[in-house]
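Participant: Got a predicted structure here, sequence first:
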Amino acid sequence: MTKPLDVDRKMPIVKKAVSNPYPLKESAIVKWSLITISLLYISLFLILPLISIFVTALEKGWETYVASIVHPDALAAIKLTITVALIVVPLNAVFGIAAAWLITKFTFRGKNLLVTLIDLPFAVSPVIAGLIFILLFGAQGLFGDWLFEHDIKIVFALPGIILATLFVTFPFVARELIPLMQTQGITEEEASISLGASGWKTFFYVTLPNIKWGLLYGLILCNARAIGEFGAVSVVSGHIRGETNTMPLHIEILYNEYQFTAAFAVASIMSILAILTIIIKHIASWKAKEF
Amino acid sequence: MGIQIKNVSKSFGSVKVLKDISVDIKSGELIALLGPSGSGKTTLLRILAGLEGLDEGTILFDGEDITNVSPKERKIGFVFQHYALFRHMNVFENVAYGLKVRPRKTRPSKKEIERKVNELLSLVKLENFQDRYPSQLSGGQRQRVALARALAVEPKVLLLDEPFGALDAKVRKELRRWLRQLHNEFHVTSIFVTHDQEEALDVADRIIVMNNGKIEQIGTPDEVYENPKSPFVYDFLGNVNIFRGRLQNGKLKQGQFEINAPHYLDSHDDAVGYARPHDILIEKEQVDNETVPAKISFIHIVGPTARIELKREDNGEYLEAELPKEQFKNLQIQKGEVVYVRPKQLKVFIPEDFSI
Ligand SMILES: Nc1ncnc2c1ncn2[C@@H]1O[C@H](COP(=O)(O)OP(=O)(O)OP(=O)(O)O)[C@@H](O)[C@H]1O
Ligand SMILES: [Mg+2]
């Protein structure tokens, strides 16, 4: 637990139509220097590292690259990461839709509190999120004895990793849907019910189609975070090679063992996933706006 | 289907928006719900549809208590103030929706649905717009889609919330006539909300006038217009001229002015007489003291009627008269001239009438 922890946080990107409020008339020099600065900045901090990942990964040839990826530990890490994402994303989709539905279509006591609580994972450091689960389910934790007696393993096992990932990713879908559903209001749902549709049919025929692109957008962000989460998972995983290491943890271990090529090979897989995510996200947000 | 609303009250928080509302609506009636903004019209309609709960009272459909029946079982068609069309469905799908979502047992076949929707679309003259999405329609077209969608489920009651609200005057009039025809054809009990008195007077069998969460008057357009029960109703249903005065021995008096009000025999110090602009006569000479002198301040001729604005010589209050153009020409009056104004018909209210 003394390892350096990743604390970078990806905040949700606020979608806003770009508009030009004032006809700002910059001189050509200002304009071009601004463009140059941003391009330099992006190259330096985004493109260059990305290229260096692939360069280092392929440094010792294609065969070493493939060997690093098909190494049993690497494959196990990839499999675990995908498993976690496959469980976490659908759960958060359900939770996110339910929470957004509740918050936007009903009025009840404690609504503001719920809205605030949804943001909690954004405010809390992932390390602390991980520690919460250790405190609850660890050997010395609140439920530690009970879990031990019943032979249930949560921390240092898949359930713990899933819980920690769930915690850090649960705002993404809800945060994306709440503003969307708020602007859409409830009149279409009322129309549907007055036409004789049941609650479920109203949800599937009216609500869901209206939010589908926003939902997809939220799911993509949620998925990206679930795959990339390091801090919270690192605390609860126990770093058992081939068992509880997700891709980011596996990369770190390889790196600490000076296996740079292998580390970068796995990192390149994650980068490809990230690039794909960005492309899909772009399409989704564009579709959402068009809709 | 007949509707009985019995002692319905409703509050939002501490604000009482409906106060002890009771109405009997006969099967097949076309009712206008008329009242100023915020008087509770939408709330009453939503309660009838089951979209809003009520605090007290009961609602009966054909004698059956449906107060706690869910909206989807009430068999009502609701046309929303802002249409509420399904934005991701085209016109055809919007109209078909109510049939498509029926449980399998009662759901018509695909062919049957198609036939029905086409029939309705030709009724609302939108046959060629099947594939359009709501965002590609004009306000009037959306309105008609909303109506067709509500009619598709063959409702027993049709509730329309300001169905012509956002439309221009000509389209309004067209749709209004069309609603009347539709109603004559289908004989479905209908209630439509409006805050346009002309619209209410023009189409409805009966009008419910609401103010501040209460019913001021229920009656046929003629009853409500000719015999308003309260100053509010009088005021709301058209332009008015006000004559304040003292009520004594069946006469309303103010200074020189003294007019017969034979239906009012008790005495009151501050009574108010109301007269509509078309019940005002203009005379060039003073023949008796049932007239007041006034100076013509404005003449406006629109089509067949002349609207004349006058300022009373005695107290400076403004009056408005409306007379046929022909009659106006014969009078030969001009702006700035002093004439004598005679209220042909006066409806007198005493202070208690105002506090209802
Ligand atoms: N959901 C709500 N919560 C709180 N107050 C409400 C709610 N809906 C309506 N009201 C209040 O109830 C009163 C009556 O509203 P309602 O919408 O029935 O008026 P209306 O007669 O339809 O007015 P308009 O002609 O402007 O549509 C208003 O004072 C309004 O502010
Ligand atoms: Mg309203």
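Facilitator: Okay, I see it. Residues are numbered from 1 along each chain as shown, chains lettered A, B, ... in the order given. Ligands and ions are numbered 1, 2, ... in the order given.
Participant: so who does residue 249 touch?
Facilitator: Picked chain A for this. A:77, A:230, A:233-234, A:237, A:239 (CB atoms under 8 Å, 6 or more residues apart in numbering or on different chains). Using the backbone N, CA and C atoms, a C-beta is placed for each residue, glycine as well.
Participant: other chain: chain B
Facilitator: With CB under 8 Å, 6+ apart, residue B:249 has these contacts: B:265, B:267.
Participant: and the least confident of the contacts of residue A:249?
Facilitator: Across those, the bottom pLDDT score, 83, is held by residue A:239.
Participant: and it, what are its phi and psi?
Facilitator: Per-residue torsions, residue A:239: phi 50, psi 50 (degrees, to the nearest 10).
Participant: ok, it touching residue A:245?
Facilitator: Yes. Using CB atoms under 8 Å, residue A:239 is in contact with residue A:245, at 6.1 Å.
Participant: And these two? Which one has more around it.
Facilitator: residue A:245 (26 against 16; other CB atoms under 10 Å in any protein chain shown).
Participant: How about the more buried one: what's its closest non-neighbour residue?
Facilitator: residue A:77 (4.9 Å; CB to CB, 6 or more residues apart in numbering or on different chains).
Participant: count of residues packed around that neighbour?
Facilitator: 26.
Participant: helices and strands around the one helix or strand it maps to, which ones?
Facilitator: Counting by DSSP states H and E, the element that carries residue A:77 is helix A:72-105. Using 3 or more CB pairs under 8 Å, 6 or more residues apart in numbering or on different chains; DSSP states H and E, the elements in contact with helix A:72-105 are helix A:61-70, helix A:111-118, helix A:158-169, helix A:171-184, helix A:208-228, helix A:247-256, helix A:260-290.
Participant: returning to that earlier point: name the residues contacting each of residue A:239 and residue A:245.
Facilitator: Common contact partners of residue A:239 and residue A:245 (CB under 8 Å, 6+ apart): residue A:253.
Participant: For residue A:270, which non-adjacent residue is closest in space?
Facilitator: residue A:247 (5.8 Å).
Participant: Residue A:79 is in contact with the one you found, correct?
Facilitator: No. With contact defined as CB under 8 Å, residue A:247 and residue A:79 do not form a contacting pair (9.8 Å).
Participant: quick one: which of the two has more around it?
Facilitator: residue A:247 (23 against 13).
Participant: Where does the prediction get shaky in the chain?
Facilitator: In the absence of a named chain, this looks at chain A. By pLDDT under 70, the weakly predicted segments of chain A are A:1-26, A:288-291.
Participant: I was thinking of chain B, sorry if that wasn't clear
Facilitator: Along chain B, the model assigns pLDDT under 70 to residues B:166, B:354-356.
Participant: Please parse it into its domains.
Facilitator: Chain B breaks down by the TED database into domains covering B:3-235, B:239-354.
Participant: so which of those is the most packed in?
Facilitator: domain B:3-235 (a mean of 18; mean count of other CB atoms under 10 Å in any protein chain shown).
Participant: Whether that one contacts chain A - can you check?
Facilitator: Yes. Residues of domain B:3-235 contacting chain A under CB under 8 Å from any CB of the partner chain: B:49-51, B:70-78, B:80, B:82, B:84-88, B:97-98, B:101-102, B:149-150, B:152-153.
Participant: tell me which parts of chain B are close to ligand 1?
Facilitator: B:12, B:17, B:35, B:37-43, B:195 (CB under 6 Å from any ligand atom).
Participant: Turn the helices and strands packed on helix A:72-105 into a markdown table, including distance to ligand 1.
Facilitator: Formatted as a markdown table, these follow (distance: least, CB to the nearest ligand atom, whole Å):
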| stretch | distance to ligand 1 |
| --- | --- |
| helix A:61-70 | 58 |
| helix A:111-118 | 14 |
| helix A:158-169 | 34 |
| helix A:171-184 | 15 |
| helix A:208-228 | 21 |
| helix A:247-256 | 48 |
| helix A:260-290 | 28 |
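Participant: mind checking which of the ones you listed is nearest residue A:144?
Facilitator: With CB to CB as the criterion, residue A:144 lies closest to helix A:158-169 of those, at 12.4 Å.
Participant: Which strands and helices lie in contact with the closest one?
Facilitator: Checked by 3+ CB pairs under 8 Å, 6+ apart, helix A:158-169 has helix A:72-105, helix A:120-123, helix A:126-137, helix A:208-228, helix A:231-237 packed alongside it.
Participant: Which secondary structure elements does the second one sit against?
Facilitator: Put plainly, it is helix A:120-123. Using 3+ CB pairs under 8 Å, 6+ apart: helix A:120-123 touches helix A:158-169, helix A:171-184.
Participant: Mean neighbour count, the ones you listed: which tops it?
Facilitator: helix A:158-169 (a mean of 23).
Participant: Now do it and helix A:208-228, the angle between them.
Facilitator: With axes from the mean of the first three to the mean of the last three CA atoms, to 10 degrees defining the directions, helix A:158-169 sits at 120 degrees from helix A:208-228.
Participant: all helices of the stretch 251-356 of chain B, in order?
Facilitator: B:325-331, B:351-354 (DSSP state H, counting those that start in this stretch).
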